[in-house]
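Asks: Structure for the following, please:
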Amino acid sequence: DELLQGELEALKKATKTDLEKLRPKIGDQELYDKLIAAVDESTKRNESIAELKSRLEKLGSGGLAVVKEVLKLLGKG
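Replies: Modelled structure (predicted):
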């Protein structure tokens, strides 16, 4: 499954506080930390959605599963 641009926009717009509130609900904390780091880095660099998508795809299938879990919890997936 590919990540949709709108979903990635929602993830990029989520605040660090929003993401931290989800932490207890996420099963794989290590991948979740990597996800937050990828979103933070992408935001700091003002990267495009395509660049964020590339970063997230580098997390592998487990990372993408965490992304989808986060988007669902944010009501965006």
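Asks: what does the lengthiest helix in the chain contact?
Replies: If you go by DSSP state H, the chain has its longest helix at helix 29-44. Residues from elsewhere that reach helix 29-44, judged by CB atoms under 8 Å, 6 or more residues apart in numbering: 11-12, 14, 16, 19, 23, 26, 51-52, 55-56, 58-59, 62-63, 66-67, 70. C-betas here are computed from N, CA, C, even on glycine.
Asks: Can you turn the buried part of these into a PyMOL selection?
Replies: A single PyMOL command selects the buried members of these (16 or more other CB atoms under 10 Å):
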select buried, resi 11+14+19+26+52+55+56+59+63+66+67+70
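Asks: Take the contacts of helix 29-44 and keep only those in helices.
Replies: Short answer: the contacts of helix 29-44 in helices (DSSP H) are 11-12, 16, 19, 51-52, 55-56, 62-63, 66-67, 70.
Asks: Pull the most distant pair out of these.
Replies: K16 and G62 (22.0 Å; CB to CB).
Asks: With pLDDT added, can I get the ones in helices among the contacts of helix 29-44 in CSV?
Replies: Output for those, formatted as CSV (pLDDT from 0 to 100):
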residue, pLDDT
L11, 89
K12, 88
K16, 85
L19, 90
E51, 93
L52, 92
R55, 92
L56, 91
G62, 91
G63, 90
V66, 93
V67, 91
V70, 93
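Asks: Redo the residues you listed as TSV? Include distance to E30.
Replies: Shown next, in TSV, are the ones in helices among the contacts of helix 29-44 (distance: CB to CB, whole Å):
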residue	distance to E30
L11	18
K12	21
K16	18
L19	15
E51	23
L52	20
R55	16
L56	15
G62	9
G63	10
V66	9
V67	14
V70	14
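Asks: closest to K76 among the residues you listed?
Replies: L11 (7.3 Å).
Asks: The closest one touches V67, doesn't it?
Replies: Yes. Using CB atoms under 8 Å, L11 is in contact with V67, at 6.9 Å.
Asks: Where does pLDDT dip in this structure?
Replies: Within the chain, the ranges that satisfy pLDDT under 70 run 1-2, 77.
Asks: Swap in 90 and give it another go.
Replies: 1-17, 64, 74-77 (pLDDT under 90).
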